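A.B. asks: Coordinates only, no sequence provided:
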């Protein structure tokens, strides 16, 4: 009897085994390349979203209210302030014993440069009919950017590292620590002249669900074919959004 080649012989249902084969898992090199593309693509996209929300002039997220307040009191550009604040927050990691990673350092530099480029390229619209769509676009772009760079799993950004560090040191919940930080920067930024408005509220309500959707869309399969990651540096402990089972509150930066 001739040998049966099971890789080509149809099964009892009439289908060949290849029709049931799982997609080949990506190699380690291709996963790393995709992670890097998502990291920097996400950070650039996040800077674009920030710039568009500034141009909409209908209210910013808490940290950007703070950044804008400083901009109005200094000769510095929005992007420069973002970089300086990010670096200053990063210094607060030292007593909290947090360790920066590639995503952390990249976050400080890339977003600030990109937001300045966006503000230079995009003019300030006057008509509300243009500003509202610009605001909506900025929030969707921010959600997509968040999904991209969190899925890359290269570590938390400066502001979120501060939150997770305080959470670990104080034992307070992530939500409570995040709320306390964001209320503080929002109040300070507003006092300095930062823009608070409908965009602030809409961002707070929409960014979580949008980020959750894009996290699933941009998840990177591991060597075993799942999307949980298979390398030690890809643990979910660095991302409170993952640790909490998905975004439950406004996300500033989660890489």
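C.D. replies: On my side now, so go ahead. Since we're looking at a predicted model, the values are computed, not measured. Residues are numbered from 1 along each chain as shown.

A.B. asks: Quick check: buried residues in the helix or strand containing residue 189?
C.D. replies: Using DSSP states H and E, residue 189 sits in helix 174-192. With burial defined by 16 or more other Cβ atoms under 10 Å, the residues of helix 174-192 counted as buried are 174, 177-179, 181-182, 185-186, 189-190, 192. Every C-beta, even on glycine, is put in place using the N, C-alpha and C of the backbone.

A.B. asks: And for stretch 161-172?
C.D. replies: 161-167.

A.B. asks: quick revisit: can you redo the buried residues of helix 174-192 as a markdown table, where the extra columns are distance to residue 218 and pLDDT?
C.D. replies: Converted to a markdown table, the buried residues of helix 174-192 look like this (distance: Cβ to Cβ, whole Å; pLDDT from 0 to 100):
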| residue | distance to residue 218 | pLDDT |
| --- | --- | --- |
| 174 | 22 | 85 |
| 177 | 26 | 90 |
| 178 | 23 | 88 |
| 179 | 27 | 91 |
| 181 | 26 | 93 |
| 182 | 25 | 93 |
| 185 | 28 | 96 |
| 186 | 29 | 96 |
| 189 | 30 | 97 |
| 190 | 33 | 97 |
| 192 | 35 | 97 |
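
A.B. asks: So which elements touch the helix holding residue 189?
C.D. replies: Helix 174-192 sits against helix 62-73, helix 158-170, helix 240-243, with contacts defined as 3 or more Cβ pairs under 8 Å, 6 or more residues apart in numbering; DSSP states H and E.

A.B. asks: Tell me who's in contact with the nearest residue to residue 52 once chain neighbours are set aside.
C.D. replies: Of all residues not flanking residue 52 in the chain, residue 138 sits nearest, at 3.7 Å (Cβ to Cβ, 6 or more residues apart in numbering). By Cβ atoms under 8 Å, 6 or more residues apart in numbering, the contact list for residue 138 reads 49-53, 56.

A.B. asks: Within the helices and strands, which one has residue 138?
C.D. replies: Applying DSSP H and E, one finds residue 138 within helix 128-152.

A.B. asks: Next, the angle helix 158-170 makes with that helix.
C.D. replies: For helix 128-152 against helix 158-170, the angle by axes from the mean of the first three to the mean of the last three Cα atoms, to 10 degrees is 60 degrees.

A.B. asks: any idea of the mean pLDDT in helix 128-152?
C.D. replies: Across helix 128-152, the average pLDDT comes to 94.

A.B. asks: same deal with stretch 79-95?
C.D. replies: pLDDT averaged over stretch 79-95 gives 95.

A.B. asks: one step back: turn the helices and strands packed on helix 174-192 into CSV, including mean pLDDT and distance to residue 114.
C.D. replies: Shown next, in CSV, are the helices and strands packed on helix 174-192 (pLDDT from 0 to 100; distance: least, Cβ to Cβ, whole Å):
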stretch, mean pLDDT, distance to residue 114
helix 62-73, 97, 13
helix 158-170, 89, 16
helix 240-243, 36, 22
